[in-house]
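Enquirer: quick one, what's the 3D model for this:
(chains A and B)
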Protein chains: 2
Amino acid sequence: MTAEILDGKAFGAKIRARVADHVARLVADHDLRPGLAVVLVGEDPASQVYVRNKGIATKEAGMKSVEHKLPADTTEADLYALIDELNADPTIHGILVQFPVPDQLSERDIVARIDPAKDVDGLSVTNAGLLASGQRAMVSCTPLGCLMLLRETLGSLSGKDAVVIGRSNLVGKPMAQLLLRDSCTVTIAHSRTADIAETVRRADIVVAAVGRPRMVPGDWIKPGACVIDVGINRIPAPEKGEGKTRLVGDVDFDSAREVAGQITPVPGGVGPLTIACLLANTVTAACRINGLDEPEGLTA
Amino acid sequence: MTAEILDGKAFGAKIRARVADHVARLVADHDLRPGLAVVLVGEDPASQVYVRNKGIATKEAGMKSVEHKLPADTTEADLYALIDELNADPTIHGILVQFPVPDQLSERDIVARIDPAKDVDGLSVTNAGLLASGQRAMVSCTPLGCLMLLRETLGSLSGKDAVVIGRSNLVGKPMAQLLLRDSCTVTIAHSRTADIAETVRRADIVVAAVGRPRMVPGDWIKPGACVIDVGINRIPAPEKGEGKTRLVGDVDFDSAREVAGQITPVPGGVGPLTIACLLANTVTAACRINGLDEPEGLTA
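Expert: Numbering: from 1, shown residues only, chains lettered A, B, ... in the order given. Have a look, this model is predicted:
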């Protein structure tokens, strides 16, 4: 058996098309154009690329895109003044401060300053609490993307045994909450798990979000299981030349694809879903802030 | 094998003694007497008993106890004025509004009005979010009591397989978070779980919090497992006379005690821990609000 390879790039494009469709309807029916503001502090080259890509994708979906670039020595007071202004701006529905930020700023405090209704990264304590208590939350983009991909691939998730490997606040824990909300039987495994091979081997759905290159071998996978690999790990690739590297996931793709029913590759699996879900969250935020129905197919 | 019966009454008394000890030290060393305010709206007879018992236990632990009894037709504005006053009162560290409340009031909105630092019932979205993201939270009393009892009985919980049956916001979900924080491998099972018998049978720790009388039979229990029964269900007891009832848990005690290593009875197991943990939370809140160290043995 060889697994179906889940094409994250294609599914990401599908989500973005859904987003564009919703945006067009919001503009036509409600004169409402969702707006996303991205704030970049400093000049980290990788962050500059991410911010630019987010801006391009936002505009391609027909949304308003605003970028604020602040100098590396920006004070907390200046950043908060900008966040407060964006919180109050009725044309902005999503606010994202690109991390990491310079040392004089606190990521936790920044997140707390953003209106939870506009926290499209889903990082705030309020949104974690809303998710944990089964209320409408803004959900962190990576786990939301994994959930959408699982629904797209498997249909209803109700009653399936799901194992989430990793218990980070950013992925593992919200992923477990989302799978539980969709009525999976959810197990959270981690570095202290006594028999992790056996634990993973029970699962119909495996989400690996640990950050350890190829730690999940094929013989941990139940035949036919759906494997979602969130890990993005850079490892040496001497076969490509001296000093070269390549990206691998937390799952050993070559052995796992022989056993799994479906599997995401790295790169090209979960990665492309993250920006798509950022756009989806911005549409969701715009709908909620304006008292409109939840946008179908874009929420948890 | 016959299980050790875990005596919740004795362990509750032990927690209350720890509380009294901490209170005495806070008064002696910091001139700080923790204070708990309980608000009762209306005259529900059962609620009156609960409120009276909480007041007695609070005073027995050496703490300040305040009771506010409001008429059944109290408006939201009047209740919120009282909550705001208690939020601002430096002699009050815990605020509890006894539920249920009359129909003109919203439990969710009441909880949201209480300062999260004084939310000793741990019911607010903020506290759910802090717990879910691994920060210092006020934790709901029943799951906190279960955690303390498990630590007392088993020592370190790290690496143990734990199954929580039930996914309520009040017990199941925070219980899973607490077990995960103590490094258990946590599975949340529920009505949609495909093979619940097999799922429960894997667990070193079983926490049953469903509210279905004796739904967990002994042959679901792994030999030697520690079984915590949160259910309190009233069933007919014709053997005691016509119209008589008795209390049973979610676990079938008679069959489970033949298999388990330890088991809580119903009544007399988890029940007595709840008030003890309310007192513990009030001490914890008093310490945090005043910037003092966490009270040892009283927190999650």
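Enquirer: how about the contacts made by residue A:194?
Expert: B:159, B:160, B:161, B:185 (Cβ atoms under 8 Å, 6 or more residues apart in numbering or on different chains). (C-beta placed from N, C-alpha, C; glycine too.)
Enquirer: the third one pairs with what?
Expert: Read that as residue B:161. For residue B:161, the beta-bridge partners are residue B:185 (DSSP bridges).
Enquirer: which one of the contacts of residue A:194 has the most neighbours?
Expert: Ranked by neighbour count (other Cβ atoms under 10 Å in any protein chain shown), the contacts of residue A:194 have residue B:185 at the top, with 27 neighbours.
Enquirer: which residue does chain A have closest to chain B?
Expert: Closest to chain B within chain A is residue A:129: 2.8 Å, counting by Cβ to the nearest Cβ.
Enquirer: now for residue A:211, how many residues are close by?
Expert: Neighbour count of residue A:211, defined by other Cβ under 10 Å: 15.
Enquirer: pretty sure residue A:6 contacts residue A:263?
Expert: Yes. Under the contact definition of Cβ atoms under 8 Å, residue A:6 touches residue A:263, with a separation of 6.6 Å.
Enquirer: so what sits against both of those two?
Expert: With contacts taken as Cβ under 8 Å, 6+ apart, residue A:6 and residue A:263 have residue A:269 as neighbours in common.
Enquirer: please report phi then psi for the residue of chain A positioned farthest from its centre.
Expert: Centroid-distance maximum for chain A: residue A:242 at 33.2 Å, with Cα atoms, centre = their mean. Main-chain torsions, residue A:242, degrees, to the nearest 10: phi -60, psi 130.
Enquirer: returning to what we had before: pretty sure the residue of chain A closest to chain B is in a helix, no?
Expert: Yes. Assessed by DSSP: H, G, I helix; E, B strand; the rest coil, residue A:129 belongs to a helix.
Enquirer: test my guess that it contacts residue B:125.
Expert: Yes. Contact criterion Cβ under 8 Å: residue A:129 and residue B:125 qualify, at 3.8 Å.
Enquirer: average model confidence for the helix or strand harbouring residue A:20?
Expert: Taking DSSP states H and E as the criterion, residue A:20 maps to helix A:8-30. Averaged across helix A:8-30, pLDDT comes to 98.
Enquirer: and for it, what's in contact with it?
Expert: With contact meaning Cβ under 8 Å, 6+ apart, helix A:8-30 is reached by A:32-34, A:57, A:60-63, A:145, A:148-149, A:152, A:264-265, A:268-273, A:275-277, A:279-280, A:283, A:286-287, A:290, A:292, A:295, A:297-298.
Enquirer: of these, which belong to helices?
Expert: Among the contacts of helix A:8-30, DSSP state H puts A:57, A:60, A:145, A:148-149, A:152, A:271-273, A:275-277, A:279-280, A:283, A:286-287 in helices.
Enquirer: report the buried members of these.
Expert: By neighbour count, with 16 or more other Cβ atoms under 10 Å in any protein chain shown, the ones in helices among the contacts of helix A:8-30 hold A:57, A:145, A:148-149, A:271-273, A:275-277, A:279-280, A:283, A:286-287 as buried.
Enquirer: next, give me the two most distant ones among these.
Expert: The largest separation in those, counting by Cβ to Cβ, is between A:271 and A:287 at 26.2 Å.
Enquirer: give me every residue in chain A lying close to chain B.
Expert: Residues of chain A lying close to chain B (Cβ under 8 Å from any Cβ of the partner chain) are A:124-135, A:158-161, A:167, A:169, A:173, A:176-177, A:180, A:183, A:185-190, A:192-194, A:199.
Enquirer: quick one: the helix holding residue A:20 to helix A:271-289, angle?
Expert: Helix A:8-30 and helix A:271-289 meet at an angle of 20 degrees, taking axes from the mean of the first three to the mean of the last three Cα atoms, to 10 degrees as the criterion.
Enquirer: pull out the buried residues from helix A:8-30.
Expert: Result for helix A:8-30 [16+ other Cβ under 10 Å]: buried residues A:8, A:11-12, A:14-16, A:18-23, A:26.
Enquirer: right, and the helix or strand after it?
Expert: strand A:35-41.
Enquirer: note down every partner strand of that next one and its orientation.
Expert: strand A:64-70 (parallel), strand A:94-97 (parallel).
Enquirer: so where is the stretch 51-200 of chain A shaky, pLDDT-wise?
Expert: Nowhere does the stretch 51-200 of chain A drop to pLDDT under 70.
Enquirer: mind listing the helices for it?
Expert: A:76-88, A:107-113, A:125-132, A:141-154, A:172-181, A:196-201 (DSSP state H, counting those that start in this stretch).
Enquirer: by contact count, what packs against the third one?
Expert: By that I understand helix A:125-132. Here helix A:125-132 touches helix A:172-181, helix B:125-132, going by 3 or more Cβ pairs under 8 Å, 6 or more residues apart in numbering or on different chains; DSSP states H and E.
Enquirer: try the fifth one
Expert: Contacts of helix A:172-181 with other secondary structure elements, assessed using 3+ Cβ pairs under 8 Å, 6+ apart, are made with helix A:125-132, helix A:141-154, strand A:161-165, strand A:185-189, strand A:205-208.
Enquirer: which ones are touching the closest residue to residue A:34 other than its chain neighbours?
Expert: Nearest residue to residue A:34 in three dimensions, chain neighbours excluded: residue A:286, at 3.8 Å (Cβ to Cβ, 6 or more residues apart in numbering or on different chains). Contacts here follow Cβ under 8 Å, 6+ apart; on that basis residue A:286 touches A:26, A:32, A:34, A:35, A:93, A:94, A:292.
Enquirer: relative to residue A:110, how far out is residue A:286?
Expert: 22 Å (Cβ to Cβ, to the nearest Å).
Enquirer: then residue A:18?
Expert: Distance from residue A:18 to residue A:110, by Cβ to Cβ: 30 Å.
Enquirer: over to residue A:251?
Expert: 33 Å.
Enquirer: among these two, which residue is more densely surrounded?
Expert: Set residue A:251 next to residue A:110 and count neighbours by other Cβ under 10 Å: residue A:251 wins out with 33 against 21.
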